[in-house]
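**Student:** Task: produce atomic coordinates for the following.
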Amino acid sequence: MFGMSLTKVLIFVLIVVAIWYGWKLWRRKDQIKREIEARLGLDAATRAREGAVQDLKSCRVCGAYVAHACERKDCPLAT
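**Tutor:** This is a model prediction of the structure:
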């Protein structure tokens, strides 16, 4: 019923080898990604800050939506 033929053994070995090399390739991709982020100075805190949302305020003088004061000297958001 559960006979082990040479074909079944070879197919099983090929599947195991394919999974093994796929896992190694996946890990290498993650390692390269971490190395690139380290070279660029991107750590977990930096990535979290980049994804943060800021509320924009409308400038009453120029009407632009800005997070901080706009570049105009008469901007009411400038402190």
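**Student:** low-confidence ranges in this structure?
**Tutor:** Applying pLDDT under 70 to the chain flags residues 1-2, 42-53, 68-72, 74-79.
**Student:** Now with 90, please.
**Tutor:** Along the chain, the model assigns pLDDT under 90 to residues 1-4, 33-79.
**Student:** Strictly from the record, what residue spans define the domains of this protein?
**Tutor:** Domain assignment for the chain by automatic domain parsing gives 6-42, 54-79.
**Student:** Please identify the most buried of those domains.
**Tutor:** domain 54-79 (a mean of 12; mean count of other CB atoms under 10 Å). Glycine gets a C-beta too; all of them are placed from N, C-alpha and C.
**Student:** tell me the strands in this structure, going along the chain?
**Tutor:** 57-58, 65-66 (DSSP state E).
**Student:** Go through the ones you listed and name the closest to Val17.
**Tutor:** Across the strands of the chain, Val17 has its closest neighbour in strand 65-66 (56.5 Å, CB to CB).
**Student:** Much appreciated, bye for now.
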